[in-house]
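*Asks:* A predicted structure for the sequence below; I have some questions about it.
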Amino acid sequence: MRSTLLIVALIALGVALDKGLIEIPRHWAPWAPLHVDDPITPVTSLKLHRLDNDRAGCLAALDTVPKGELRYTPLADYSPTSNCPLTNIVRMQSSSVAFNQSFVASCPLALAWVMFERHALQPSAETAFGSRVRQVNHLGSFACRNVYGRESGRLSEHATAEALDVSGFQLENGQHITLRNDWASENAKGAFLHDVRDETCDFFGNTLGPDYNAAHADHFHLGMRGFTLCR
């Protein structure tokens, strides 16, 4: 009986949607294109993962950033080495922040970063310090290697440019915040870094930091694989 009622309800919902009687907001509709400034919902991560193999859709989502607030270059697929072909990639040059250097990223990683920056990083910095982030310092994105640089085993997310290692932030008011020096601090800088780590869960498949292991003592590994693993 319950299954019958569920089927009837789904049919009724489908008819209502088809006739325009019910309108689902874009940020709640899994089939709707992703826009960077839409409110974050549980559907957001599904939309991000759906763009893994959708170059045109991912670039279209990046282009919803207001003009002048993002500098990136779409790149053709290529193989820096025979073991690590890169597909659906862009070069990130700047956004609302500068970077210590440009970096190659899978398009979904670039998109996740931009959304994280706009929805979480900058608001958190303004709340904690009354200042926006001016520059993000990172240790790189692409590296053709196995996990932890081991001779055998599975390839790292870095081998497909699906991860970015962030080591610190420079604020517009001149303050510098680094994971190496400030993660364990019981002050505003330490609290900010912990808040940032928690907020990445809404945008990246996995975040690994100092609480994960010693290999991540000085940076956040922001990767696209998986769903909301944050440690």
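*Replies:* Received it, and whenever you're ready, just let me know what you need.

*Asks:* tell me the SS of the residue most central in space within the chain?
*Replies:* Nearest to the mean C-alpha position of the chain, by CA atoms, centre = their mean, lies residue 112 at 2.6 Å. Three-state call for residue 112 (DSSP: H, G, I helix; E, B strand; the rest coil): helix.

*Asks:* separation between it and residue 143?
*Replies:* Look at residue 112 and residue 143: by CB to CB, to the nearest Å, they are 19 Å apart. Heads up, the C-betas are built off the backbone N, CA and C, glycines and all.

*Asks:* what do you get for residue 150?
*Replies:* In terms of CB to CB, residue 150 sits 13 Å off from residue 143.

*Asks:* give me the more crowded residue out of those two.
*Replies:* residue 143 (16 against 10; other CB atoms under 10 Å).

*Asks:* ok, the nearest residue to the more buried one once chain neighbours are set aside - contacts?
*Replies:* Spatial nearest neighbour of residue 143, excluding adjacent residues (CB to CB, 6 or more residues apart in numbering): residue 158 at 4.2 Å. Contact analysis of residue 158 by CB atoms under 8 Å, 6 or more residues apart in numbering lists 140-145, 165.

*Asks:* neighbour-wise, which one of those residues leads?
*Replies:* residue 141 leads the contacts of residue 158 on contacts (other CB under 10 Å) with 25 neighbours.

*Asks:* which residue is the nearest non-sequential neighbour of that one?
*Replies:* Closest to residue 141 by CB to CB, 6+ apart is residue 103, at 4.3 Å.

*Asks:* now for the helix or strand encompassing the one you found, which elements pack on it?
*Replies:* Using DSSP states H and E, residue 103 maps to strand 98-106. On a contact count with 3 or more CB pairs under 8 Å, 6 or more residues apart in numbering; DSSP states H and E, strand 98-106 meets strand 89-94, strand 133-140.

*Asks:* mind putting these in JSON lines, mean pLDDT and distance to residue 212 included?
*Replies:* Putting the helices and strands packed on strand 98-106 into JSON lines (pLDDT from 0 to 100; distance: least, CB to CB, whole Å) gives the following:
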{"stretch": "strand 89-94", "mean pLDDT": "98", "distance to residue 212": "24"}
{"stretch": "strand 133-140", "mean pLDDT": "98", "distance to residue 212": "15"}
